[in-house]
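Enquirer: kindly generate the corresponding structure for this input.
(one chain, ligands or ions: 2)
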Amino acid sequence: MEWSEFHRNKWKQATTFAWKNFTNPLVRRMFSFVTVLGKAALPKEKLQELSELVQDMKTTYSTAKICKYDSTQRRLPNGDYDYYADFDAEDNEIGCVPTLSLEPEVTQIMARSRDPEELRYVWRAWREAAGKPLRHKYIRFVQLANEAARLNGFEDAGAYWRSDYETDDLHKELQELWDVLRPLYEHLHAYVRKKLREKYGEKVVPRSGPIPAHLLGNMWAQTWTHTQDLTIPYPGRTSVDVTASLLRQGYMPLHMFRLAEEFFTSLGLDPMPLGFWQKSLIVKPTDREVVCHASAWDFCNGIDYRIKQCTRVTTEDLITIHHEMGHIQYDIQYRNQPFIFRDGANPGFHEAVGDVLALSASTPHHLQSIGLLENVDDSYETDINFLFTMALDKIAFLPFGYLVDLWRWEVFSGKTGELSLNRRWWELRLSLQGVSPPLPRDEDDFDPGAKFHIPANVPYIRYFISFIVQFQFHAELCKAAGHVGPLHHCDIYRSHKAGTLLRNVLSLGKSRPWTEALLILTSGKTSKLDVKPILEYFAPLIAWLKSQNRGEFVGWRVSEAIVQPVRTSNASVITGVILAIVAVVFFVVVI
Ligand SMILES: C[C@H](N[C@H](C(=O)O)[C@@H]1CCCN1C(=O)[C@@H](N)CC(=O)O)C(=O)N1CCC[C@H]1C(=O)O
Ligand SMILES: [Zn+2]
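Expert: Residues are numbered from 1 along each chain as shown. Ligands and ions are numbered 1, 2, ... in the order given. I've put the predicted structure just below:
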């Protein structure tokens with residue numbers, strides 16, 4: 001509360017100036033940010049309610065637990081799993097005590113289980129425990145978030161969030177980017193669907209319909225890397241999953257963090273400060289509940305930076321460590337900027353930094369050079385295997401990264417009302433991502449709430465933008481590093497030239513529009529988001545997928561979904577019946 005008082009006073013002073021006429025662009029830019037008060041514009045009690053709502057939703061999400069799957073329970077007479085049997089809100093399922101947390105237990109089941117019934121159970125149980133209970137709170141949250149946005153002169157909270165990108169029509173720019181990338185996604189989707197159908201059969205995975213979301217190795221089907229044992233193009237050839245090596249070599253979380261840090265310092269960038277190592281939380285504590293969803297924190301005093309991560313010794317967590325450390329590196333690089341400029345040029349830039357380094361660190365040759373892979377050959381098959389694994393992360397993610405805020409912006413604008421929150425979520429999941437729910441959903445469910453960033457109120461379009469702009473960064477840093485050859489072979493490790501170019505961009509913080517930061521990154525070539533680098537990076541895989549998909553149905557027919565997503569909830573069935581009776585009576589009486 002004190003912060004909002006301080007911020008409110010600064011805001012009051014700032015609004016007394018005719019700052020829009022200031023000639024100094026930097027000062028004018030500072031005022032343009034200080035004169036937006038944010039949620040502190042709400043009256044005290046509403047600000048309190050808003051903060052408590054978000055805290056409650058985050059706590060519900062972070063402490064949610066589910067029961068173990070028990071295949072003997074809840075069977076219909078014909079042996080099918082009875083997914084209509086009631087879940088009891090408290091203990092998740094009648095007669096069991098929930099013990100499994102999202103991290104690490106539930107995440108591991110979604111990644112490793114190859115039993116569609118267990119996956120369906122866990123997929124549903126998580127949404128019963130973490131999503132459903134948030135629905136009414138989220139509706140109230142939206143009202144308050146919109147009220148705060150309007151007090152700042154925005155039409156709704158979505159418009160306020162989009163203003164971070166300083167562009168007139170972010171919607172249109174994103175749609176154009178997605179239109180170019182969608183065919184690449186559809187080809188990956190078609191190939192993965194075929195491989196999953198070979199594993200699970202056509203009754204479980206349709207030939208030309210959407211992929212059931214619970215089979216993709218991830219609770220939200222947002223990245224598909226955990227399907228690679230079923231989908232890798234050339235099994236038995238080099239794969240970049242180094243989890244076994246990490247475990248065999250006795251890696252612990254701290255070593256993984258040191259490994260990531262060493263990549264940053266190899267570029268001439270800053271090491272993590274002493275306080276980082278003293279105050280970060282890098283393993284899940286056993287004595288208390290914490291928000292395990294990995295995160296990076298800047299305590300705004302130039303020395304205190306921390307990561308909180310319930311780290312497991314896996315390839316996926318090594319990549320996440322790079323991602324979180326990228327945030328810290330950015331925080332450090334702009335720490336000498338005036339406070340109001342200590343932020344990413346746009347939120348997508350902040351999400352891209354760590355991933356850019358991970359693009360180099362993930363290459364088979366880099367992994368071999370640090371002893372995590374052996375006898376890496378330069379064969380075509382190894383190349384395709386590598387690109388495919390990268391696509392299971394970077395390409396698979398794109399529609400999800402796009403749709404989360406498409407849904408949220410529509411909720412903020414009122415285009416999606418309270419009675420169609422879940423239906424609209426599944427419309428977007430079906431039309432953009434080509435995934436369907438493993439069992440019918442209705443408006444009592446609140447599936448968006450089962451994804452961290454919704455209860456935690458963290459915007460998501462930043463990740464869609466990051467997954468595009470990180471390849472622009474990669475291409476330019478590789479050029480600075482003097483790389484020759486295919487972009488996906490590039491490893492900027494130890495290149496101080498690349499490090500200097502990256503520092504020149506990061507140290508600007510938000511002092512210049514991100515379009516100007518892009519001009520610096522590309523030595524004046526472009527100031528716009530550009531999909532050419534990501535298409536160049538994946539070009540060999542695109543050709544390979546097209547050849548593999550001959551004869552395959554590319555894309556998906558929603559009508560072919562194994563489960564039609566939207567079950568009309570009891571409420572709407574009753575309403576429907578009443579309306580039908582009224583209509584019949586009306587005709588009988590009138591006619
Ligand atoms: C694992 C990662 N955790 C976020 C991130 O690091 O962005 C956390 C939680 C939300 C914001 N956040 C922060 O740490 C911010 N304080 C960083 C900052 O703004 O400086 C995450 O959520 N990711 C990574 C890929 C896609 C997405 C996902 O997993 O869906
Ligand atoms: Zn991030």
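
Enquirer: so which bits of the stretch 201-350 of the chain are right by ligand 1?
Expert: Contact residues (C-beta under 6 Å from any ligand atom) of the stretch 201-350 of the chain with ligand 1: Gln222, His293, Ala294, Ser295, Ala296, Thr320, His323, Glu324, His327, His350. Any C-beta I mention is one placed from the backbone N, CA and C, and that applies to glycine too.

Enquirer: do that again at 5 Å, thanks
Expert: Applying C-beta under 5 Å from any ligand atom, we find that the stretch 201-350 of the chain lies next to ligand 1 at Ala294, Ser295, Ala296, His327.

Enquirer: can you show me the CA trace of stretch 98-112 as PDB?
Expert: Extracted C-alpha coordinates of stretch 98-112, given in PDB (Å, rounded to 0.1, in the frame of the first residue of the first chain):
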ATOM      1  CA  PRO A  98      -5.200 -35.500  -2.800                       C
ATOM      2  CA  THR A  99      -1.400 -35.800  -2.400                       C
ATOM      3  CA  LEU A 100       0.100 -35.000  -5.800                       C
ATOM      4  CA  SER A 101       1.200 -31.400  -6.500                       C
ATOM      5  CA  LEU A 102       1.600 -30.000 -10.000                       C
ATOM      6  CA  GLU A 103       5.400 -29.900  -9.500                       C
ATOM      7  CA  PRO A 104       7.000 -32.300  -9.700                       C
ATOM      8  CA  GLU A 105       4.400 -35.100  -9.500                       C
ATOM      9  CA  VAL A 106       1.600 -34.200 -11.900                       C
ATOM     10  CA  THR A 107       4.000 -32.600 -14.400                       C
ATOM     11  CA  GLN A 108       6.000 -35.800 -14.500                       C
ATOM     12  CA  ILE A 109       2.900 -38.000 -15.000                       C
ATOM     13  CA  MET A 110       1.800 -35.800 -18.000                       C
ATOM     14  CA  ALA A 111       5.300 -36.100 -19.400                       C
ATOM     15  CA  ARG A 112       5.900 -39.800 -18.900                       C
END
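
Enquirer: keep only those of the residues of the stretch 201-350 of the chain next to ligand 1 that are in helices.
Expert: With helices defined by DSSP state H, the entries of these inside them are His327.

Enquirer: show me the two of the residues of the stretch 201-350 of the chain next to ligand 1 that sit farthest apart.
Expert: Spanning the widest gap among those are Ala294 and His327, at 10.2 Å by C-beta to C-beta.

Enquirer: quick one: Val411 and Leu421 touch, right?
Expert: Yes: assessed by C-beta atoms under 8 Å, Val411 is found in contact with Leu421 at 6.7 Å.

Enquirer: closest to Val180 out of the residues of the stretch 201-350 of the chain next to ligand 1?
Expert: Relative to Val180, the closest of those is His327; by C-beta to C-beta it sits at 28.0 Å.

Enquirer: what sits against that closest one?
Expert: Ala296, Asp298, His350, Val353, Gly354 (C-beta atoms under 8 Å, 6 or more residues apart in numbering).

Enquirer: out of those residues, who's nearest ligand 1?
Expert: The nearest member of these to ligand 1, counting by C-beta to the nearest ligand atom, is Ala296 at 4.2 Å.

Enquirer: isn't the closest one right up against Ile321?
Expert: No: assessed by C-beta under 8 Å, Ala296 is found out of contact with Ile321, at 10.1 Å.

Enquirer: can you list the low-confidence ranges for the stretch 1-150 of the chain?
Expert: Scanning the stretch 1-150 of the chain with the threshold set as pLDDT under 70 gives 1, 86-94.

Enquirer: most proximal residue of it with respect to ligand 1?
Expert: For the stretch 1-150 of the chain, C-beta to the nearest ligand atom, closest residue to ligand 1: Lys58, 10.2 Å.

Enquirer: for the stretch 151-300 of the chain, same thing?
Expert: Closest to ligand 1 within the stretch 151-300 of the chain is Ser295: 3.4 Å, counting by C-beta to the nearest ligand atom.

Enquirer: pretty sure that residue contacts Ile307?
Expert: Yes: between Ser295 and Ile307 there is a contact under C-beta under 8 Å: 7.2 Å.

Enquirer: any common contacting residues for the two?
Expert: Common neighbours of Ser295 and Ile307 are listed as Glu324 (criterion: C-beta under 8 Å, 6+ apart).

Enquirer: list the contacts of the residue of the stretch 151-300 of the chain closest to ligand 1.
Expert: Ser295 neighbours (C-beta under 8 Å, 6+ apart): Ile307, Lys308, Gln309, Glu324.

Enquirer: pick out whichever of those residues sits closest to ligand 1.
Expert: Ranked by distance to ligand 1 (C-beta to the nearest ligand atom), the contacts of Ser295 are led by Glu324 at 5.4 Å.

Enquirer: so that closest one is in contact with Gly354, correct?
Expert: Yes: Glu324 is within contact range of Gly354, at 6.5 Å (criterion: C-beta under 8 Å).

Enquirer: between the two, which is the more surrounded one?
Expert: More neighbours surround Gly354 than the other of Glu324 and Gly354, with 27 against 23 (other C-beta atoms under 10 Å).

Enquirer: who has more neighbours out of Ala296 and Ile321?
Expert: When Ala296 and Ile321 are compared for neighbours, Ile321 comes out ahead with 24 against 21, by other C-beta under 10 Å.

Enquirer: residues contacting the residue of the stretch 451-591 of the chain found nearest ligand 1?
Expert: The stretch 451-591 of the chain approaches ligand 1 most closely through Val458 (4.2 Å), counting by C-beta to the nearest ligand atom. Val458 is in contact with Phe452, counting by C-beta under 8 Å, 6+ apart.

Enquirer: just the element for it, please.
Expert: Element membership for Val458, per DSSP states H and E: none, as it lies in no helix or strand.

Enquirer: Glu261 now?
Expert: Short version, using DSSP H and E: Glu261 is in helix 253-266.

Enquirer: for that helix, list every residue counted as buried.
Expert: By neighbour count with 16 or more other C-beta atoms under 10 Å, helix 253-266 contains the buried residues Pro253, Met256, Phe257, Leu259, Ala260, Glu261, Phe263, Phe264, Ser266.

Enquirer: quick check: closest non-adjacent residue to the first one.
Expert: Just to be clear, that refers to Pro253. Thr311 (3.8 Å; C-beta to C-beta, 6 or more residues apart in numbering).

Enquirer: was I right to think that neighbour contacts Tyr251?
Expert: No: Thr311 is beyond contact range of Tyr251, at 10.3 Å (criterion: C-beta under 8 Å).

Enquirer: more crowded one of those two?
Expert: Just comparing Thr311 and Tyr251: by other C-beta under 10 Å the higher neighbour count belongs to Thr311, 25 against 19.

Enquirer: that older thread, just checking, what packs against the helix holding Glu261?
Expert: The elements that helix 253-266 packs onto, with contact taken as 3 or more C-beta pairs under 8 Å, 6 or more residues apart in numbering; DSSP states H and E, are helix 315-333, helix 347-361.

Enquirer: now it: mean pLDDT?
Expert: Mean pLDDT, helix 253-266: 98.

Enquirer: neighbours of Asp70, how many?
Expert: Using other C-beta under 10 Å, Asp70 has 12 neighbouring residues.

Enquirer: so it sits in a helix?
Expert: No: Asp70 is assigned coil when assessed by DSSP: H, G, I helix; E, B strand; the rest coil, not a helix.

Enquirer: skipping its backbone neighbours, what lies nearest it in space?
Expert: Excluding its sequence neighbours, the residue lying closest to Asp70 (C-beta to C-beta, 6+ apart) is Cys96, at 7.5 Å.
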